[in-house]
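Trainee: build me a model:
(chains A and B)
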Protein chains: 2
Amino acid sequence: MALDGMTSAIAEIKDQLGDRLKTSKAECEAHSHDEAHAMTKLPNAVAYPKDTAEVSAIMAICTKYACPVIPFGVGTSLESQVIPIEGGISIDTSQMRQIIAINASDMDAIVEAGVTRNQLNDNLKSTGLMFTVDPGADATIGGMASTRASGTNTVRYGTIRENILAMEVVLPSGKVIKVGSRARKSASGYDLKNLFIGSEGTLGIVTRLTVKLHGVPETISAAKCVFNDIDDAVNAVIMAIQSGVPMARIELLDEMQMRGMNIYNPDFDAPEKPHLFLEFHGSAASVAEQIETFQHIATDHGADGFAWANTTEERNRLWAARHNAYYAGRALRPGSSSLVTDCCVPISRLADCIAEAKVFIADSGLLAPLVGHVGDGNFHLLILVEPENSDEWARAKNLSSRLNKLALDYGGTITGEHGIGVGKREYMEAEHGEAYALMRQIKTTIDPLGIMNPGKIFTT
Amino acid sequence: MALDGMTSAIAEIKDQLGDRLKTSKAECEAHSHDEAHAMTKLPNAVAYPKDTAEVSAIMAICTKYACPVIPFGVGTSLESQVIPIEGGISIDTSQMRQIIAINASDMDAIVEAGVTRNQLNDNLKSTGLMFTVDPGADATIGGMASTRASGTNTVRYGTIRENILAMEVVLPSGKVIKVGSRARKSASGYDLKNLFIGSEGTLGIVTRLTVKLHGVPETISAAKCVFNDIDDAVNAVIMAIQSGVPMARIELLDEMQMRGMNIYNPDFDAPEKPHLFLEFHGSAASVAEQIETFQHIATDHGADGFAWANTTEERNRLWAARHNAYYAGRALRPGSSSLVTDCCVPISRLADCIAEAKVFIADSGLLAPLVGHVGDGNFHLLILVEPENSDEWARAKNLSSRLNKLALDYGGTITGEHGIGVGKREYMEAEHGEAYALMRQIKTTIDPLGIMNPGKIFTT
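Mentor: Presented below is the predicted three-dimensional model:
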């Protein structure tokens, strides 16, 4: 955009926000990259609105000057969603962290977009309720809504999509709308709530959310177990899901990922073989029954070394290790950048898909630990790349591309939970065909100036 | 629209469909009303396409002549969704009833839009799987998607929204798109699937759907129990939901509804007092545990006369009675028309909402039996009205209006599952505010000529 428009936009936002509009190099650098560190680009300024009214005022100014706007939570996206690839104003929601209401009797909570998942759960401790969606990072709930995030217990409790009842959204014009309601279901008109969920900040900015809570189960039991062969581990998962065991968590980690975990935290000290990390929720009797069924299935598939985490501390240690899998994987090659795959396939194709992924990894000659929310049919390769090595980047992209094509051939999707951002735009046509053009039409309808997070989901 | 345009459109569709394009009075009359019989309007013709390609051809012709198109399943909508209020071509999907695939290992099925819920379940009998969404009528799955339907076991298994993985949709232009995939989750671009679900045929025609299936539980136990006071029944439900009992079904029927059931089927012979109809799913041990917890709660709230349905036949009899509640309610006043309310509120407000509804009914002086999917916070009044009595219609509308406003005041919605159609358009502004204008913008983007089911959700 023209420089003088940008200067005017920044000046007018400064009038509104004062010190909470920052242009220092340090601030801009902090908002120039995401967790994947695959690219960087500086915003022109960073705004810290305190409430919806301020977000609305900023949006009206940015519309006036056709100035790009990039919503920013805590910057843990993995597909460059928060990177201002065309410059503009990064809108950081970290001063919008109020928990507005916890409605224990309806099992919902109303939060500002900048509230993080751990912050909400810390505030729920006395209620017997929990917020379940848990991507690896302590992401903001607004950010999770924007990328349609999920986590380790999605197999039981759903993705963020199934856990949002309503949202407040600021449109590019500055207009504020409400989508959804606190009712558990509705047939009232178009489902705008789900249109904004997963739209990666390209249609508007989510400022407030009503989320579902779930009762903390009477009994929780977690475990890890070891397999000699990854194929056996995947087939045990498939059998458990098909048998209807209501697994709360069932996570796969391959031998390379386990090696990374041992490097990242030497106390972890686990066998460097394929593992499943498990959790069972329910009444005491139900959990006992689930465990019996699962152990029977797993043992039939050669599982060994069941280690039970019976105290809260032991469980927290197990799941902290899983949530840090991304950082542990990177520990296999310090200083590397990464390209993360995220395909999700029907569960009957999962074993084949992972077996082929292993062949593709070998062909690439790169290190690529594998972790997966395998109960959903979703798994990640963390392809580790030397930042300046263009040959390695080319091989990583080829590996990712082969895997994405395979997932589509299997009736799946190129992204189960990370979103499209910049890196996956090139697969949108292959996944969606004519529907991709319709998405663009909707984008143009809601954001005619193209100021909302330009270059994400669509090329500009 | 101009008569010669309509004549040309019909002639061109006849060229494509031959005998499967009907213009007889009987055919047009059969497509002129829905289940509520609140209004009638004849289409100009009825088309019976055999496949997606034929639907696409019809749509291209209708776009050419700007001819209205009204998708029609089995005509069991309750908000006039299938009524051609501006004339046009009714597209009846009854010749699109193929079950394309049952993927037992992925627990999904691919069906044409005209497949009904009972037809699918009949075809699942040997698989140990079931399709769960069960509105009262044996609706088509395409129709259920279009109105975002739900049913008696939504409290456990979700609405149609949570049970559709993917759809094929014909756009007004005739273009065919695919939305969603067979993967259990996806973060790939805008959620067009959920935009079409609940859009009541105003954006396109659903021709094929991939739906989720669920394992038939090892143990199923159903029961009915009686309360002296409806307030006690509702509070028992609220307590059961808040206690985390995973009820498969928990349905409320008031004393007036029970009277209707006894008239409709004298063999039913139940006490004319508020009832809950219940179902518990799980392993034998889990069902026993659920029943114990629920009975404890219900007895504390004065429940009595537990009658258990232990055989499949007894269970089927109980749920057939519930599914026929609409017809049973009408039996209280033979020959009447009806206005059905459908509000859904946060569960903590349900007892207050039902208590106030009872006051509104008394004020109206009309008969209005009450049934509800109360575990979801959703209940219906079937307001019975003498068809030609304008005073009664006015009182019925006033009753409905008072209740809808109350539901919105309580943070709920005016429709949990029936949709907007014609009769609830006037509440859209109150429920959605500025978001209603955004819905209209999207409608105009996808259907610029306004040919898709005109007059539904929006006034034209």
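
Trainee: which other residues reach the helix or strand hosting A:Ile102?
Mentor: A:Ile102 is located in strand A:99-103, with elements delineated by DSSP states H and E. With contacts defined as CB atoms under 8 Å, 6 or more residues apart in numbering or on different chains, strand A:99-103 is touched by A:109-112, A:115, A:119-120, A:123-124, A:127, A:129, A:182, A:208, A:213, B:346, B:348. C-beta here means a position set from N, CA and C on the backbone, and glycine is covered the same way.

Trainee: give the ChimeraX command for selecting the buried subset of those.
Mentor: In ChimeraX, this line selects whichever of the contacts of strand A:99-103 come out buried by 16 or more other CB atoms under 10 Å in any protein chain shown:
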select /A:109,110,111,112,115,119,120,124,129,182,208,213 /B:346,348
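
Trainee: check which element follows the strand holding A:Ile102 along the chain.
Mentor: strand A:108-112.

Trainee: quick one: work out the angle between that next one and strand A:99-103.
Mentor: On the basis of axes from the mean of the first three to the mean of the last three CA atoms, to 10 degrees, strand A:108-112 is oriented at 180 degrees to strand A:99-103.

Trainee: quick one: low-confidence parts of the stretch 301-450 of chain A?
Mentor: Of all residues in the stretch 301-450 of chain A, none has pLDDT under 70.

Trainee: hang on, the earlier thing: so how far is the strand holding A:Ile102 from its chain's centroid?
Mentor: 23 Å (CA atoms, centre = their mean, to the nearest Å).

Trainee: can you check stretch A:386-404 too?
Mentor: 22 Å.

Trainee: list the buried residues in it.
Mentor: Quick answer for stretch A:386-404 (16+ other CB under 10 Å): A:392-393, A:395-397, A:399-400, A:402-404.

Trainee: rebuild the residues you listed as a markdown table, extending it with distance to chain B and secondary structure.
Mentor: Formatted as a markdown table, those follow (distance: CB to the nearest CB, whole Å; DSSP: H, G, I helix; E, B strand; the rest coil):
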| residue | distance to chain B | secondary structure |
| --- | --- | --- |
| A:Glu392 | 26 | helix |
| A:Trp393 | 23 | helix |
| A:Arg395 | 24 | helix |
| A:Ala396 | 20 | helix |
| A:Lys397 | 18 | helix |
| A:Leu399 | 19 | helix |
| A:Ser400 | 15 | helix |
| A:Arg402 | 18 | helix |
| A:Leu403 | 14 | helix |
| A:Asn404 | 10 | helix |
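
Trainee: so for the strand holding A:Ile102, what's the average pLDDT?
Mentor: Across strand A:99-103, pLDDT averages out at 98.

Trainee: partner strands of it, parallel or antiparallel?
Mentor: Sheet pairing here is set by DSSP bridges, and for strand A:99-103 it gives strand A:108-112 (antiparallel).

Trainee: what ranges does the stretch 201-350 of chain A have for its helices?
Mentor: Here the stretch 201-350 of chain A has its helices, by DSSP state H, counting those that start in this stretch, at A:230-242, A:255-264, A:284-300, A:312-323, A:325-330, A:350-364.

Trainee: tabulate these in TSV, adding columns for distance to chain B and mean neighbour count.
Mentor: Shown next, in TSV, are the helices of the stretch 201-350 of chain A (distance: least, CB to the nearest CB, whole Å; neighbours: other CB atoms under 10 Å in any protein chain shown):
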stretch	distance to chain B	mean neighbour count
helix A:230-242	6	22
helix A:255-264	21	21
helix A:284-300	5	17
helix A:312-323	18	16
helix A:325-330	16	23
helix A:350-364	10	18
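
Trainee: turn these into TSV, including distance to B:Ala60.
Mentor: Shown next, in TSV, are the helices of the stretch 201-350 of chain A (distance: least, CB to CB, whole Å):
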stretch	distance to B:Ala60
helix A:230-242	42
helix A:255-264	52
helix A:284-300	52
helix A:312-323	51
helix A:325-330	49
helix A:350-364	38
